[in-house]
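In: Below are the sequence and a predicted model; questions follow.
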Amino acid sequence: MVESIARVRHIRVTPQKARRVVALIKGKQAEEALAILKFAPQGASEPIYKLVASAIANARVKADKDGEYLDDQDLYVKNAYVDEGTTLKRFQPRAQGRAFQIKKRTSHITVVLSTPEVAETAGGAETKKASK
């Protein structure tokens, strides 16, 4: 019934580390995902916590706009993924005039929240087509 998307781009967390945290919340209920992220020791959990909270707020606004009832307990993390962002290249001086390159990686993180009715409606449409 309600589906909301929240994105954060160019966040200074490496994609590999962010994917570890995102894997913890995929398929979980939104409130449960917030609880998991609140106590996760990884550094990437704080920005992802804010992102999930933003997605919940987006769902509330979308439901109000459409005039639908939304209970926060119904929302679950339908999809969450991390894409690689731009890489900042820096140099560190080393011995004898050499320089080593340092790559400061960034991430684009996307979280999609949905209510279970969306999946049922899509499945129902397919069964109606199949029965004809």
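Out: Perfect, thanks for sending it.

In: Determine the longest helix present in this structure.
Out: Using DSSP state H, we find that the single longest helix of the chain is helix 45-66.

In: Which residues are in contact with the closest residue in space to residue 59 that isn't next to it in sequence?
Out: Ranked by C-beta to C-beta, 6 or more residues apart in numbering and with sequence neighbours excluded, the top spatial neighbour of residue 59 is residue 4, at 3.8 Å. Any C-beta I mention is one placed from the backbone N, CA and C, and that applies to glycine too. Contact partners of residue 4, counting by C-beta atoms under 8 Å, 6 or more residues apart in numbering, are 55-56, 58-59, 62, 112-114.

In: what does residue 5 give?
Out: Neighbours of residue 5 in contact, by C-beta under 8 Å, 6+ apart: 55, 58, 110-113.

In: Any chance of the residues you listed in CSV with distance to residue 20, neighbour count and pLDDT as columns?
Out: Output for these, formatted as CSV (distance: C-beta to C-beta, whole Å; neighbours: other C-beta atoms under 10 Å; pLDDT from 0 to 100):
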residue, distance to residue 20, neighbour count, pLDDT
55, 19, 25, 95
58, 25, 17, 94
110, 16, 17, 96
111, 15, 27, 96
112, 19, 16, 95
113, 20, 26, 94
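
In: With respect to residue 71, which of the residues you listed is nearest?
Out: residue 113 (12.7 Å; C-beta to C-beta).

In: Which residues are in contact with that closest one?
Out: 3-6, 30, 52, 55-56, 58-59, 75-78.

In: Wait, a helix at residue 100?
Out: No: applying DSSP: H, G, I helix; E, B strand; the rest coil, one finds residue 100 to be strand, outside a helix.

In: Make sure it is actually in contact with residue 90.
Out: No: shown here, residue 100 and residue 90 do not form a contact pair, counting by C-beta atoms under 8 Å, at 9.6 Å.

In: In this structure, mark out all the helices, start to finish.
Out: Using DSSP H, helices in the chain cover 15-25, 30-39, 45-66, 116-131.

In: Mind listing residues that contact the third one?
Out: Right, helix 45-66. 2-8, 11, 13, 18, 21-22, 25, 30, 33-34, 37-38, 69-70, 72, 75, 77, 109, 111-113.
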